[in-house]
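Asker: Just to be clear, the model below is a prediction. Sequence and coordinates:
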Amino acid sequence: MGHDGTQDDHDAAGGEAASLDALKDATVKINEAAEALERRAELRAVNLAPERPSEDALKKLDSSMKRNSALIRKLKSLSEESRRGVLDDIAKTNQSKYVSEVVGAICEAPLKVKDVAAALAVCSALHQRYAEFARELVGGLAKLCVSADEEKAGVARKRAVLRLLVELLLAGLYSAHSVLLHIVKHLVAAADFQKDAEGAQASLSLLTALARAGREELLGLPHTLPVALAPASLESGEEGGELAAAAEAYRGAVARYEAALASRHTLPPEAQQQLRASVERCFEAACEALQGSHAALQATEAENARVLNNRGDLPEDMAAAYEAQRKAFEGLQRTAAQLGEVLDRLLPELKQGMTRIAAAADGGGGGGAAPADQAQQVFEDEETRSFYESLVDLRTVVPAVLLGEKGKESEQQQDGTAASGEQQEGAEGGGGGGKGAAAEGGAAAAKSSTAGSGSKVPVGDDSQEGKAEEPREPSQLDLLVSRLPGCVTKELADELAVNFCYLQNKGARKRLVRALAAELPPGALALLPFYARVAATLSRVFPEVGQGVVAHLEAEFAALQRSKDATPRTLEPRVRNMRYVAELSKFRVFPHGAAFSMLKALLDDFSGHNIDAACAMVETAGRFFYRLPETSTRTANFLEVMMKLRNARNLDARQSGLVDSAYFAVRAADRGAKRKQREPEQEYIRYLVYERLPLGQITKVLKKLRRLPWARFERYLVKTLVRATHKGRFSQIPHIASLAAGLSRYHPSLGVGLVDEVLEAVEAGLEVPDAGHYQRRVAAVRLLGELYNYKLITSQVIFATLHLILAYGHEAGTPPEVSRRLDPPANYFRLRLVCTLLEVCGQYFTRGPARRKLDRFLPYLQRYLLAKPPLPLDVEFDVQDLWDHLKLKPPQCDSYEAACAAVADIEAAEAAAAAKGLAPIEEESDREDGEEGGEGGSDGGSDAEGEEGGSQAEGEEEDEEARQEGGGDEEEEEEEEGVRMVRPAYQAAAEVDDDFEREFSQLMLDYQGRPAAAGAAPRQPGLGAAAGLGGGGPGPLLPSAAHGAPSQAGDGGEGEAVSFRVMMKRGGKDDRTRELHIPLTAGMAAHLRLKEEQEAAEKAELKRLVLAANTRDQQEQLDAVRAAQQHRRSGARGYYGRGGGRGSGGGERLL
């Protein structure tokens, strides 16, 4: 007890000494402020009634230009250091003739706030000698305050000038407060934060300087003591003691200060009210601007965070813009806070800026707040999603008082526990034994631990003079922390987090951060997910827990990167650090941008232990980042970089395996994309249409499609053919039309359905003119033209579609806004559709009713062209190419009115013909198309057969396979095809050329060989391959008469026979042959006759193909010459939507 009493006396003596020192310091400061007020009052009294020297006295002083020029130079550089010298020169010189120069020098002086006292003394001295000085000086300084100089140096100088003007007013050099009122109004008007934020901030700074200089005198705000002490500190312990004397001195200083305040000069209340209202209005405008700037800054931060997460780095221009915006906001906040302090006003409450943890939560979805569908996509299964997303809500489990959400009172109630816990921390982990020392020791331990060692080095306590502290019982917090390594399930981790809330305080939170970050058991990598779950659960209520763990991991990573230690000792800490970062990132506690920055640093130095660390992070969280939408692109880029580094560098087998394992752990599950489930027959249809048909195998595809169950898959086949027009190549559209024509011979409903789908697609494109579907519309129009070429539709459908393209949306009664939406004036896409359709099938509209329909359509097209603005070059070239392709001259209409008149004449003539009962042109379409066989498009059957002849080798291979697989089924199918053929293939008229026939016969004879015997029978025309000569022995039979000619054999009078010559012997020139007559009924003769017919048909087909090839070559040469001439005449032209080349005749259009 005696020891305790001595300690209390010592504490009381120390408190009394502290109170005595505070009283003395406050007394000194208050006396200094009172003396300043008294000096100002004395100076004001002198300046109000100055005793100026007479003219005779002034004449006795030095008035030379040299001395006054020197004084003016000193005034231009006036400062506190040159104050005494300037005052001495003023007393010794006569400046009555140089007053204006003196005023200009003072106005030009680069004054600072610390030089205002010296400037006031100099101005008072000059005012006391020269009457006109004060008036000119105040006018010059006022002009300087309202000048447009917003540079940094200019604003600082204006601030000092304003302070000087206030001091001059209070010192009595002038009494017109209107000067200051005018300046304040000008500054308030200039503080427009919407138009000029920088100028407004400068005006706000000047107003702050003015308000601070004359807070009580100009604005009428209540005064405050320079130093205010609590009333309890003025109570004296003993009467007559030193403390009582100091208190008495303090009271005297306060009384002196209040007396000086009572005698000071202030503005009238009306002027104070005006000035205060103006300044407060400017402060309110600044507060509004501050809120707007803060919102804009937060939006910029969010955008920068998004770009940083997606790209990995922030562009320089965005970083510079953000830095400028942040500096402007901080400057405005600082100036507004200074003005609010002067006015005793508080700044508006701003929404707290996002911390790194909050930014990560917002950018990557807060922990446990991500949508269920997105989380299910990010994580592999429901159990994994539950582990990382379904965290315990501590606010519903733990009372709010224990969570510190009842205000500061609950925190203050736990201060005692916090202090005791921190004292235990100090004894356990470091010296100091105080509250602050314990916190600093915990932070130092968290930052310095790079290897994750949990060892502690006890240090003696200096306050106990090196004596060892007695062993103590472990606290509940120590027992709780010791349970961390045993958290091997989700339930145990959640239970530990809940139990911690019942023991938490500031010191306990720091202790837990150190345990979570720096005291992990060595090699226990399996505990990292559960440690991260504890940190994520507690960080939702105590953000400093998550922030502390994140800060420790960042510091540890930086230390490991700086060490460059490639020994096995640092491998485990590096891998553990990156795995911990990855786990916290999956809980959305660690910022994703910071995690990617670490990975980038590892990839920049991809060698040694950095490879292991990078692979550890990618294996742990790479799949999560890859499936997260906002980080997917960036993760893919990092994976590509990692694989390129792996291929470029000479890594050992272990490191290469690590990289491959990490890479395929992220991308393995995405190799097989999910495909739509279809029936096998539908997949087979897609294979034939999308893969086999583009190769030109039309006949093969046709035969295979005919074997399908037609009733079930006809509609799907039609849709597949329509989709193939825009999903496949543009050049395969003729193949689609050829296939449809071939199938429609056996299933007419397919042709009807396909035409309906194409027409519906064309009209849908006109109803919804979406630029994204332009290519699809062009493909539909191209297919429509090809269907006409293969006689699936008539010319009436083609011209009805052409008129629909031009007139849709422009019918009578359509509102103008609807017409502009369906066909904007500057949109020329419909012209492209018309050009595409006519280029495909317009070459067949050369005569008859089809030509008359084309001539009728051209005025409508010309009217549409003239209704549009001037055509772009590419569209104009397409139209000119169309005229050249159709070999037509465009209608000669000079204006839109002329085109409308031409259309009106056509419609009037048709109306008159209809009134007389004459049939319109359209009624002849059926007959006209039927008669146009040689002029219009080719038939689907002829096209298919032509293609079959063009790919004879493939057909033979397929027939051979069919024979081997199906036996006689193929023959029955061929017979069925022959029976169901509705019309023969179109055969073009063969051109007879005598020279060619002669040369061709000579070629065939040379190829097959001639009889060598001079006396041999001459070869008759029409003989087959049996006329060739064989080798030794009995050779082949040589027919001596034309195939099928009657012949008499001997005298027996037999019926018709065929004569053959049998070679008995061949030796040089002596060839011996013998004539043999065989009846036509014999099998040998019948076989020979059939063979000769086949050879004759083969020869005719070969001749036809050669003639067609010659004709096509000549046509291509002629087209090339014409194209070259046209190119030289009109220059290069745009080319849009052209398909493959086509022959001039319908029968030769082999697709």
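Answerer: Great, that's in hand.
Asker: Going by neighbour count, which residues of stretch 255-269 are buried?
Answerer: Judged by neighbour count using 16 or more other Cβ atoms under 10 Å, the buried positions of stretch 255-269 are 256-257, 260-261, 267. C-betas here are computed from N, CA, C, even on glycine.
Asker: which among those gets closest to Glu556?
Answerer: Glu556 lies nearest to Tyr257 out of the buried residues of stretch 255-269, by Cβ to Cβ, at 57.0 Å.
Asker: Only C-alpha atoms, please: export the helix or strand where the closest one lies in CSV.
Answerer: Per DSSP states H and E: Tyr257 is located in helix 242-262. Extracted C-alpha coordinates of helix 242-262, given in CSV (Å, rounded to 0.1, in the frame of the first residue of the first chain):
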residue,chain,number,x,y,z
GLU,A,242,2.8,28.7,-7.9
LEU,A,243,-0.2,27.2,-9.8
ALA,A,244,-2.5,29.7,-8.3
ALA,A,245,-0.2,32.6,-9.4
ALA,A,246,-0.1,31.2,-13.0
ALA,A,247,-3.9,30.9,-13.0
GLU,A,248,-4.2,34.5,-11.9
ALA,A,249,-1.8,35.6,-14.6
TYR,A,250,-3.8,33.7,-17.2
ARG,A,251,-7.0,35.5,-16.1
GLY,A,252,-5.3,38.8,-16.3
ALA,A,253,-4.1,38.1,-19.8
VAL,A,254,-7.6,37.1,-20.9
ALA,A,255,-9.0,40.3,-19.4
ARG,A,256,-6.3,42.3,-21.3
TYR,A,257,-7.1,40.5,-24.6
GLU,A,258,-10.9,41.1,-24.2
ALA,A,259,-10.2,44.8,-23.5
ALA,A,260,-8.2,45.1,-26.6
LEU,A,261,-10.9,43.4,-28.6
ALA,A,262,-13.5,45.9,-27.3
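Asker: and it, what other elements does it pack with?
Answerer: The helices and strands touching helix 242-262, judged by 3 or more Cβ pairs under 8 Å, 6 or more residues apart in numbering; DSSP states H and E, are helix 2-48.
Asker: tell me the mean pLDDT for the helix it packs on?
Answerer: Mean per-residue pLDDT for helix 2-48: 69.
Asker: in the following helix or strand past that helix, what counts as buried?
Answerer: Sequence-wise, the next helix or strand downstream of helix 2-48 (DSSP H and E) is helix 55-59. Along helix 55-59, these residues count as buried under the neighbour rule (16+ other Cβ under 10 Å): Leu58.
Asker: Could I get the contacting residues of the residue lying closest to Asp660 once chain neighbours are set aside?
Answerer: Closest residue to Asp660 apart from its sequence neighbours, by Cβ to Cβ, 6 or more residues apart in numbering: Arg646 at 7.6 Å. Under the criterion of Cβ atoms under 8 Å, 6 or more residues apart in numbering, the neighbours of Arg646 are 656, 659-660.
Asker: any idea which helix or strand carries Leu492?
Answerer: Leu492 belongs to helix 490-501, assigned by DSSP H and E.
Asker: helices or strands up against that helix?
Answerer: If contacts are counted by 3+ Cβ pairs under 8 Å, 6+ apart, helix 490-501 sits against helix 394-397, helix 476-482, helix 528-539.
Asker: any idea of the mean pLDDT for the next helix or strand after the last one?
Answerer: Read that as helix 528-539. Once helix 528-539 ends, the next helix or strand along the chain (criterion: DSSP H and E) is helix 543-563. Averaging pLDDT along helix 543-563 gives 91.
Asker: name the helices or strands packed onto helix 543-563?
Answerer: helix 356-364, helix 435-448, helix 506-518, helix 528-539, helix 571-586, helix 592-604.
Asker: how about the ones you listed, which one is nearest Ser147?
Answerer: With Cβ to Cβ as the criterion, Ser147 lies closest to helix 356-364 of those, at 44.3 Å.
Asker: For the helices and strands packed on helix 490-501, could you give me a markdown table that also reports mean pLDDT and mean neighbour count?
Answerer: Shown next, in a markdown table, are those (pLDDT from 0 to 100; neighbours: other Cβ atoms under 10 Å):
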| stretch | mean pLDDT | mean neighbour count |
| --- | --- | --- |
| helix 394-397 | 86 | 13 |
| helix 476-482 | 86 | 16 |
| helix 528-539 | 92 | 24 |
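Asker: can you put those helices in TSV and add distance to Ala244?
Answerer: Supplementary listing: those in TSV, determined by distance: least, Cβ to Cβ, whole Å:
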stretch	distance to Ala244
helix 394-397	55
helix 476-482	49
helix 528-539	54
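Asker: Nearest approach to Ala245 belongs to which of the ones you listed?
Answerer: Among those, helix 476-482 comes nearest to Ala245, with 50.8 Å by Cβ to Cβ.
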